[in-house]
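**Q** Quick one, fold the following:
(3 chains)
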Amino acid sequence: MVRHDALAPRPGTGPPMWEYQESRENPDLAGIRDRSGLWIDGEETEPLSGKWFSTIDPATEEHLSMVAEAGPADVERAVGAARDAAAGWAAMPATERAKSLFRLARLVQERSRELAVMDTRDGGKPIREARDVDLPLVAAHFFYHAGWADKLEYAFPGAEPRPMGVVGQVIPWNFPLLMAAWKVAPALATGNTVVLKPAETTPLSALRLAEVAAEAGLPPGVLNVIPGAGETGAELVGHRGVDKVAFTGSTQVGKEIRRRLAGSGKALTLELGGKGAHVVFEDAPLDQAVEGVVNGIFFNQGQVCCAGSRLLVQESVAPEFVDRLRRRLSTLRVGDPLDKNTDIGAINSAAQLQRITELVESGQEEGALIYQPPCELPERGFWFPPTLFTDVSQSHRIAREEIFGPVLSILTFRTPAEAVERANNTPYGLASGVWTSKGSRILWMADRLAAGVVWANTYNKFDPASPFGGVKESGFGREGGRHGLAAYLRGVG
Amino acid sequence: MGERMAVRKTYKLYVDGGFPRSESGRTFPFVSDDGSEVVQISRASRKDLRMAVRAARGALAGWRGRSGYNRGQILYRVAEMVEDRAATFAAQLELGGSSVSGARAEVAEAADLLVWYAGWCDKYVQVIGNMNPVAGPFFNISVPEPVGVVGMAAPSAPVLRGLVAGLAPVISSGNTAVVVAAPAQPMVAITLAEALATADVPAGVVNILTGFPEELAPWMAGHMDVNAVDLSGVHPEALSDLEEAASHNLKRTGRWESPDANLYRISAFTEIKTVWHPKGR
Amino acid sequence: MVEERVASLATRSIKREAKMWALRTAISMTDLTTLEGMDTKEKVRQLCHKAIRPDPTDASIPSVAAVCVYPNLVGTAAEVLGGSSVKVAAVSTYFPSGQAPLDLKVAETGRVVADGADEVDMVIDRGAFLAGDYVKVFAEVAAIREAAGDACLKVILETGELGSYDNVRRASMLAMAAGADFIKTSTGKVSPAATPAVTLVMLESIRDFHRNTGRAVGMKPAGGIGSAKQAIRWLVLLNETLGVEWMTPRLFRFGASSLLNDLLMQIRWLETERYQSPDYFTKA
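**A** Numbering: from 1, shown residues only, chains lettered A, B, ... in the order given. Down below sits the predicted model:
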């Protein structure tokens, strides 16, 4: 490396150091309370189950709050409240329903800092992402769907869309509030009432959302939030008073729900796992593709159902691309999620860390080459460094199974047809990325990729106006856009 | 102690985000329905119209370049500002002869209409536009785009709701507007201008002129840098001459009798653009 | 993607001591510039004194890197700066348009070097570049490289006129291959001038050129950088893309005029924790 110091600052003016300032968001802004009860029929309430569980900060393993766990009697109460509120909510003039959701969107905007800090503490995601991605999208989702509430007849010409009634929704922990918004906003806009079960590791922001909704003037019973684990979710989706079930989570649980609902007549949409493939052609702008691939797999520590966890790179540029990728990895900052400079935060739970660790070990055992940039991980909390695997073959577990962590498996291809074949060689079909300078090739690939979403020369883009969802074992139904409304309406499917 | 002397508002034009007097120096009197109040209103000239069109043209690229989401947020903010000024609007409508309850209802309807169109900003393309299944290996998509600078003669009744019913669809898609307010109750239009000016609507996106439509509309219809006109507020007998004047640059013209919510008032001021792109390895 | 990366780096905050170092380093990286039709010898003399001692009340503040002037003021600048560490930089090649025959540009370059310029800031022929005549652009840079002799050659791409990031990258590679010591964004006469996104594309080009040839080329954003906050943002980009090795005036410069006082004000603010007024800093 060339070094010049003839013009360096004079001695005594400070050492040539360059460290980022830890810029830590104030954790108290989240306003987390000691106890977080159920939210049923417009108020916080003690669980009839009598059970409470602890939710922790995965970055420190510190206890945050005791959260009420909904048992069967609580599910009964919540569904009952939703049932009672359903007729009134559906009969409310659509414009009034729209305006209450607009108000909710506004209040989310007003309180977004509080909610962002809450999701970061409860879930471990970097505050930069919670603040710049999750929360703006949450507000946008409510705003967008508010506007549909009084325009449904335009979305489905020739049909008479009607609400389904009571919707039971179960959401995951990776985007606690955003997933709540994706579920709640369209359901309410279309005139349904909701019972929402947030994930047991991240229940706080959904409960806070219910409070905010009440402040916005939503009638009691329209939105109920009942934390709990798998049993609570099973109880909810199986409840006879639920007309429609919407689930986001693992393919395994999605299949169980499908089985359980068989013959029940309930409507169902599922947004499940994925094994997204980035296809990088030799003519792609490589630095931009590197950015996209990094964002695709390390966004939210890779705990994203549409994560681009497989990289298919054309052989001719593979060594150079991997080299660039490695170098870019070394600039990623892993650590305190509340630090605004952090790129990669904490893994959501000990169980998830265990799963990632196990799959990464299998990758090494099966003969793939691992690369992890040097980085210091905090002692307490759940952490996993950004990880690349090269020399991966299609039969390795790390190339087939959803890892749901910051782990990228790199494979190569020679022709577009081969890229398509490899990308589609999975039971999943949620999202794909294509990187090339040729527009016609993007569209050719898009026609052939078995995925609900194809991102071209970008990745992980979300917008409430754009439908999202998978094919094959990544689930069915769409969220967002005009098409997402259909999931919550009778008479349009 | 005597009665306090009220501080009265001066009613001026709304051009390029500011509130100038007419360059002509002219005004005309507004006399309330019961004759008890007289207010001087700026009377815009054709030169004011020219300045307003220039402002609208200047604001067009920025406004149409914003995301639908952003325009929606701003229109919603306009609704908030209208609701906030409900008492002012209602009082002005009453001066023009509305009943108390009628005035209140009209303000509420106007605010709701703004909310309705706010919702369309990021949706009308999804309803009006579409993919075209052409018989070949092509990606082919048709999307509506704003037509450009739209001139508008606002109807005189219902004055506030009619003005909002014309203006909201025009700007929701990204057009900019030059409005000639109805002369019967011009203060309402200027109060709306104040709502717009405090709602983050960028300068020049909406320009409102008070004055006489019969004087201004022909200049507007003939202006070569205006792309379309909404003639809802002009007298039917004037229509033929105005449409003829509009023919010089093939302005799109339209006229609506009803101040109701209407998606197709958005599409009336858009042009469909179709994009072809090949698919291939 | 370029914009997204730039935006994500814009929110980085750096430590107070690092910031202090960055502000002082930024001063030492500044090419204090005056390029106006109304420039006079007196104005340039004032500027040169300011360049040597930016803050008369604080001797610890480093001198700037260079003073950048029009050709006919090179002699004036050289008189004042002679014996100091501050270099004399001259714009050349019929700055800012570059619309002149090559022999005139070569002659102009020879002249400014003879008059005492240590550094030459040339402009590329954007007309030829946009017309696809890369050979001509390359040949011109190479000819000026030769005419400049031992002087440091900075090649201005005028990115605001190039139209796309692809073109910025292509022009960067061309200029470096033809012998540029620095590549520079802008003349300051065209808007947009130095945007963070364009800078990132150029830094990536420098990185790739260095990887392929082993030669380290410098970067000079110029035009529109008026605040210390912006300057630090550029240094973050530099650090993330090329690393600390490039964080020296030998490989990074700011082309600016109003930036200097803002850097001084920020240093004073860090020292005193009182927000500052421009009244307490000398205008050149």
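**Q** Secondary structure element for the residue of chain A found nearest chain B, which one?
**A** Residue nearest to chain B within chain A: A:G147 (2.3 Å; C-beta to the nearest C-beta). Any C-beta I mention is one placed from the backbone N, CA and C, and that applies to glycine too. Following DSSP states H and E, one finds A:G147 within helix A:135-148.
**Q** Show me where the stretch 101-250 of chain C has its strands.
**A** Secondary structure of the stretch 101-250 of chain C (DSSP state E, counting those that start in this stretch): strands located at C:119-123, C:152-156, C:182-184, C:218-220.
**Q** how about the ones you listed in TSV, adding mean neighbour count and mean pLDDT?
**A** Listed next are those as TSV, based on neighbours: other C-beta atoms under 10 Å in any protein chain shown; pLDDT from 0 to 100:
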stretch	mean neighbour count	mean pLDDT
strand C:119-123	28	97
strand C:152-156	27	98
strand C:182-184	27	98
strand C:218-220	25	98
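**Q** Tell me if the helix holding A:G147 is near chain C.
**A** No. Contact of helix A:135-148 with chain C (C-beta under 8 Å from any C-beta of the partner chain) is absent, the minimum separation being 13.0 Å.
**Q** Render the CA-only coordinates of that helix in CSV, please.
**A** Extracted in CSV, the C-alpha atoms of helix A:135-148 (Å, rounded to 0.1, in the frame of the first residue of the first chain):
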residue,chain,number,x,y,z
LEU,A,135,-41.6,2.0,10.8
PRO,A,136,-41.9,4.0,7.6
LEU,A,137,-43.4,0.9,6.0
VAL,A,138,-45.8,0.4,8.9
ALA,A,139,-47.2,3.9,8.6
ALA,A,140,-47.3,3.6,4.8
HIS,A,141,-49.1,0.3,5.0
PHE,A,142,-51.9,1.8,7.1
PHE,A,143,-52.0,4.9,5.0
TYR,A,144,-52.3,2.9,1.8
HIS,A,145,-55.0,0.5,3.0
ALA,A,146,-56.9,3.3,4.7
GLY,A,147,-57.4,4.7,1.2
TRP,A,148,-58.8,1.4,-0.1
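**Q** The helix or strand just after that helix - what's its average pLDDT?
**A** Along the chain past helix A:135-148, the next helix or strand (assigned with DSSP H and E) turns out to be helix A:152-155. When pLDDT is averaged along helix A:152-155, the result is 96.
**Q** what about helix A:152-155 and chain B, touching?
**A** Yes. Helix A:152-155 reaches chain B (C-beta under 8 Å from any C-beta) through A:Y154, A:A155.
**Q** Pull out the buried positions in that helix.
**A** A:L152, A:Y154, A:A155 (16 or more other C-beta atoms under 10 Å in any protein chain shown).
**Q** again with stretch B:251-270
**A** Neighbour counts using 16+ other C-beta under 10 Å place B:251-256, B:259, B:261-263, B:265-270 of stretch B:251-270 among the buried residues.
**Q** And these, which is closest to A:V67?
**A** Using C-beta to C-beta, B:A261 comes nearest to A:V67 of the buried residues of stretch B:251-270, at 43.8 Å.
**Q** was I right about the closest one contacting B:W116?
**A** Yes. With contact defined as C-beta atoms under 8 Å, B:A261 and B:W116 form a contacting pair (4.9 Å).
**Q** Would you mind giving the secondary structure of B:R50?
**A** At B:R50 the chain is in helix, as set by DSSP: H, G, I helix; E, B strand; the rest coil.
**Q** Contacts only, for it.
**A** Shown in contact with B:R50 (C-beta atoms under 8 Å, 6 or more residues apart in numbering or on different chains): B:W219, B:H223.
**Q** ok, and the closest non-adjacent residue to the residue of chain A closest to chain B?
**A** In space, and not counting its chain neighbours, A:G147 is closest to B:G119: 2.3 Å by C-beta to C-beta, 6 or more residues apart in numbering or on different chains.
**Q** for B:E243, same thing?
**A** B:T253 (5.5 Å).
**Q** Pull up the gap between the one you found and chain C, please.
**A** Applying C-beta to the nearest C-beta, to the nearest Å, the value for B:T253 to chain C is 38 Å.
**Q** Can I take it that that residue is in a helix?
**A** No. The assignment for B:T253 by three-state DSSP gives strand, which leaves it out of any helix.
**Q** looking at the sheet around it, what are its partners?
**A** B:V229 (DSSP bridges).
**Q** Thought B:L231 was touching it, still the case?
**A** Yes. With contact defined as C-beta under 8 Å, B:T253 counts as touching B:L231 (6.0 Å).
**Q** any common contacting residues for those two?
**A** B:A221, B:L242, B:E243.
**Q** most surrounded residue in those?
**A** Within these, most neighbours by other C-beta atoms under 10 Å in any protein chain shown means B:A221, with 25 neighbours.
**Q** mind checking the SS state of that residue?
**A** Of the three states, B:A221 takes helix according to three-state DSSP.
**Q** which ones are touching it?
**A** Listed by C-beta under 8 Å, 6+ apart, the contact set of B:A221 reads B:G151, B:V229, B:L231, B:L242, B:E243, B:A245, B:A246, B:K251, B:T253.
**Q** what does chain B put close to chain C?
**A** Contacts of chain B with chain C, taken as C-beta under 8 Å from any C-beta, are absent.
**Q** Show me the shaky parts of chain B.
**A** B:1 (pLDDT under 70).
**Q** Closest to the centroid, which residue in it?
**A** B:L167 (2.8 Å; C-alpha atoms, centre = their mean).
**Q** Report the separation between that one and B:R161.
**A** 11 Å (C-beta to C-beta, to the nearest Å).
**Q** before we move on, what about C:G255?
**A** 56 Å.
**Q** In terms of neighbours, single out the busier of these two.
**A** Set C:G255 next to B:R161 and count neighbours by other C-beta under 10 Å: C:G255 wins out with 31 against 23.
**Q** That one against C:C68, yeah?
**A** Yes. Using C-beta under 8 Å, C:G255 is in contact with C:C68, at 6.6 Å.
**Q** intersection of neighbour lists for the two?
**A** Counting by C-beta under 8 Å, 6+ apart, the residues touching both C:G255 and C:C68 are C:D31, C:T33, C:D121.
**Q** Please convert those residues to JSON lines, extending it with distance to A:S100.
**A** JSON lines is the format used below for those (distance: C-beta to C-beta, whole Å):
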{"residue": "C:D31", "distance to A:S100": "58"}
{"residue": "C:T33", "distance to A:S100": "57"}
{"residue": "C:D121", "distance to A:S100": "61"}
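**Q** Can you sort out which of those also neighbour chain B?
**A** Of these, not one also sits near chain B (C-beta under 8 Å from any C-beta).
**Q** How about A:R324: what's its closest non-neighbour residue?
**A** A:V290 (4.9 Å).
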